[in-house]
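Trainee: just the structure for this:
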Amino acid sequence: MSADWYFMKKKFFGGAKTVGPIAESVFVKKIQKGEIAPETMVSSTTKTHGHWLHLKDIRGSDQLLKKSQSGSK
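Mentor: This is a model prediction of the structure:
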C-alpha cells in the first residue's frame with residue numbers, strides 16, 4: 001500500500017496552500033521533475049505520521065533529490 005502525500009505550494013502573492021492527497025507515485029514524479037524542492041514542506045499520515053517536514057529531512061528522499069538534480073543537468 002502506498003502512502004498519500006501532501007505538500008505546501010507557494011501562492012503567487014505570498015503564503016502557501018496545501019496540495020493533496022496525491023499518490024506516492026505522483027509525489028515521486030513531482031520530486032524527479034523538480035516540482036517539489038528539498039525545502040518544500042511535506043506530510044503523509046503513514047510516512048511522517050501527519051507531521052510536516054522539509055522534504056530533505058525525510059529518510060530516503062536524498063536519493064530522489066539526487067536523481068532530480070542529475071536529470072536537470
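
Trainee: how about the strands of this structure, start to end?
Mentor: Listed in chain order, the strands of the chain (DSSP state E) span 4-10, 16-23, 41-44, 53-54.

Trainee: from K29, how far out is Q69?
Mentor: 15 Å (Cβ to Cβ, to the nearest Å). (C-beta placed from N, C-alpha, C; glycine too.)

Trainee: so where's the protein shaky on pLDDT?
Mentor: 1, 71-73 (pLDDT under 70).

Trainee: for the nearest residue to D4 once chain neighbours are set aside, give me its contacts.
Mentor: Leaving aside its sequence neighbours, D4 sits nearest to P21 (Cβ to Cβ, 6 or more residues apart in numbering; 3.7 Å). P21 makes contact with D4, W5, Y6, according to Cβ atoms under 8 Å, 6 or more residues apart in numbering.

Trainee: and with 10 Å instead?
Mentor: Applying Cβ atoms under 10 Å, 6 or more residues apart in numbering to P21 gives the contacts A3, D4, W5, Y6, F27, S43, S44, T45.

Trainee: what number of residues lie near the second one?
Mentor: Counted with other Cβ atoms under 10 Å, residues neighbouring D4 total 17.

Trainee: what do you get for the third one?
Mentor: Residues near W5, counting by other Cβ under 10 Å, number 25.

Trainee: hey, where'd the helices end up in this structure?
Mentor: 24-32, 61-71 (DSSP state H).

Trainee: need these in CSV (columns: mean neighbour count and distance to E39).
Mentor: Formatted as CSV, the helices of the chain follow (neighbours: other Cβ atoms under 10 Å; distance: least, Cβ to Cβ, whole Å):
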stretch, mean neighbour count, distance to E39
helix 24-32, 17, 12
helix 61-71, 14, 11
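
Trainee: make a markdown table from those and add distance to L53 to it.
Mentor: Formatted as a markdown table, the helices of the chain follow (distance: least, Cβ to Cβ, whole Å):
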| stretch | distance to L53 |
| --- | --- |
| helix 24-32 | 13 |
| helix 61-71 | 9 |
